[in-house]
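Visitor: Give me coordinates for this.
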Amino acid sequence: MDKVKMVFDKVETALEKHNANPVVVQITGLSEKAGLARSKFTVAAAVAVVLLIVLMCGMELVATIVGVTYPTMASIDTMKSGNVDDAKRWLTYWIIFGGMMVLGNFSGVISFWIPIFNELQIAFLAYCQAPIDHNGAQVIYDKVFKPMVDNASASTSEEKQE
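Guide: Numbers count the residues shown, from 1 in each chain. So this is what the prediction gives:
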């Protein structure tokens, strides 16, 4: 319960910093009419907006947000740092993510047979992003993509030699 209170306190502090902001003025007025503290009203409104987005746009949007937001920021940081190992990690992730996006084109059919497909996709993308040595992206790349690419490269090399 202390963590919840800390969240409300942080929200209230942020609202106090921007008391003159027209949105904060509206929040203050609406929270008074509702008989709620500003911070509780703001958090409730934010949760309502998130729920509406999920209900209206579906879990596909949530899966896309999970699959893109953190990896994009991490990729930008990697580009700035020039760390080759991190670059390889995120390039591997984006290869797997691209494959998931292609698979996502069939999500309607897949969702018919696997009702929790989007939830499984979110969990899989989180596993692919995990900051561990053999995360999902690395495992799928090593076991699926790399053998396919190596096989295709070998076939192309054989054709060129003939």
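Visitor: Tell me where the model's unsure across this protein.
Guide: 1, 156-162 (pLDDT under 70).
Visitor: how about the helices in it?
Guide: 2-17, 22-34, 38-57, 59-81, 84-104, 107-113, 117-129, 136-140, 146-161 (DSSP state H).
Visitor: can you redo these as a markdown table with mean neighbour count?
Guide: For glycine as for every other residue, the C-beta is placed from the backbone atoms N, C-alpha and C. Shown next, in a markdown table, are the helices of the chain (neighbours: other Cβ atoms under 10 Å):
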| stretch | mean neighbour count |
| --- | --- |
| helix 2-17 | 12 |
| helix 22-34 | 13 |
| helix 38-57 | 13 |
| helix 59-81 | 15 |
| helix 84-104 | 16 |
| helix 107-113 | 12 |
| helix 117-129 | 18 |
| helix 136-140 | 19 |
| helix 146-161 | 10 |
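Visitor: Any idea which residue is closest to the centre of the protein?
Guide: Centroid check for the chain by Cα atoms, centre = their mean gives Val66 as the closest residue, at 1.2 Å.
Visitor: State the distance from it to Val47.
Guide: 18 Å (Cβ to Cβ, to the nearest Å).
Visitor: just Phe97 next, same as before
Guide: 28 Å.
Visitor: got a list of what Thr28 touches?
Guide: Leu15, Asn19, Arg38 (Cβ atoms under 8 Å, 6 or more residues apart in numbering).
Visitor: should've said His18
Guide: Going by Cβ under 8 Å, 6+ apart, His18 touches Val24.
Visitor: what's stretch 65-72 in contact with?
Guide: Under Cβ under 8 Å, 6+ apart, the answer for stretch 65-72 is Trp90, Tyr93, Trp94, Phe97, Met100, Gln121, Ile122, Leu125, Ala126, Gln129.
Visitor: Mind putting these into JSON lines with distance to Val54?
Guide: Output for the contacts of stretch 65-72, formatted as JSON lines (distance: Cβ to Cβ, whole Å):
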{"residue": "Trp90", "distance to Val54": "27"}
{"residue": "Tyr93", "distance to Val54": "24"}
{"residue": "Trp94", "distance to Val54": "25"}
{"residue": "Phe97", "distance to Val54": "21"}
{"residue": "Met100", "distance to Val54": "19"}
{"residue": "Gln121", "distance to Val54": "14"}
{"residue": "Ile122", "distance to Val54": "11"}
{"residue": "Leu125", "distance to Val54": "16"}
{"residue": "Ala126", "distance to Val54": "17"}
{"residue": "Gln129", "distance to Val54": "20"}
